[in-house]
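Peer 1: sharing a model prediction with you, sequence too.
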Amino acid sequence: MKTPTDEELVRAIQEGDVLAYETLIKRYQHGLFVFVMRLIHDEANASDIVQNTLVKVYEIIDRIDIKKKFSTFVFEIAKNAAISELRRRKHKVSLEEIVDFTEEESFVEELYRADLASQVRISVRALPLRYRTVISLYYFDDLSYEEIAGKLHLPINTVRTHLKRGKEQLRILLQHYENK
């Protein structure tokens with residue numbers, strides 16, 4: 001079954017499909033949280049900002065132009081809410097101090113990277129358990145093949161095979177995401 005694009009989901013929500021909204025929430029919730037945490041460094045307020053952002057998106061869904069990239073729109077709302085939270089705290093902080101941009105990196109690239117990181121996590125969770133476990137241990141926990149083999153009580157060649165097959169499946173999942 002083809003995964004719907006953001007634009008297709010927005011159109012479906014505009015037509016009254018509540019399940020499409022749930023799908024959109026699942027797609028963006030984690031990435032938004034990570035993004036907002038980088039800005040405000042406060043877990044409780046970051047969760048509130050993400051929830052408020054998603055509610056605001058729903059409230060103005062009829063006015064969203066589906067010809068424009070939805071992710072930029074939703075991350076912009078979250079960024080503005082985070083900046084408002086920082087102002088509320090009476091911290092005088094410029095945008096450059098909030099997000100550590102390099103000269104060649106634009107705000108949209110930062111948003112894309114946060115969105116892609118979120119999609120990688122979602123895609124890893126979609127892998128079969130044996131591949132997901134090995135990929136998580138190798139890339140997220142930074143364990144060597146030998147350490148993974150010992151931890152999972154597997155031959156080292158099985159670890160290599162699981163890692164190779166997992167990366168192949170992950171590449172396919174991420175290519176699908178990139179082609180949306």
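Peer 2: On my side now, so go ahead.
Peer 1: which intervals of the protein have sub-threshold pLDDT?
Peer 2: For the chain, residues meeting the criterion pLDDT under 70 lie at 1, 90-116, 176-180.
Peer 1: gap between the most far-flung residue of it relative to its centre and residue 136?
Peer 2: Going by CA atoms, centre = their mean, the residue of the chain most distant from its centre is residue 155, 33.3 Å out. Plainly put, residue 155 is 19 Å away from residue 136 if you go by CB to CB, to the nearest Å. From N, CA and C alone the C-beta is placed, and that goes for glycine too.
Peer 1: do residue 47 as well
Peer 2: 24 Å.
Peer 1: which stretches of the protein form helices?
Peer 2: Remark: helices assigned in the chain by DSSP state H are 6-14, 18-40, 43-59, 70-88, 95-98, 107-126, 129-135, 145-152, 156-178.
Peer 1: and the contacts of the second one?
Peer 2: Contact with helix 18-40 is made by 4, 6, 9-10, 12-13, 43, 46-47, 49-50, 53-54, 57-58, 61, 71, 74-75, 78-79, 81-83, 85-86, 98-99, 111, 114-115, 117-119, 121-122, as judged by CB atoms under 8 Å, 6 or more residues apart in numbering.
Peer 1: what's the angle from it to helix 43-59?
Peer 2: For helix 18-40 against helix 43-59, the angle by axes from the mean of the first three to the mean of the last three CA atoms, to 10 degrees is 140 degrees.
Peer 1: buried sites along helix 18-40?
Peer 2: 20-21, 23-25, 27-37, 39-40 (16 or more other CB atoms under 10 Å).
Peer 1: cool, the fourth one as well?
Peer 2: Burial within helix 70-88, assessed by neighbour count using 16+ other CB under 10 Å, is assigned to 70-71, 73-75, 77-79, 81-82, 85-86.
Peer 1: now the spatially most central residue of the chain: closest residue in space that isn't a chain neighbour?
Peer 2: Note on the chain: the residue nearest the mean C-alpha position is residue 118, at 2.2 Å, using CA atoms, centre = their mean. Leaving aside its sequence neighbours, residue 118 sits nearest to residue 31 (CB to CB, 6 or more residues apart in numbering; 2.9 Å).
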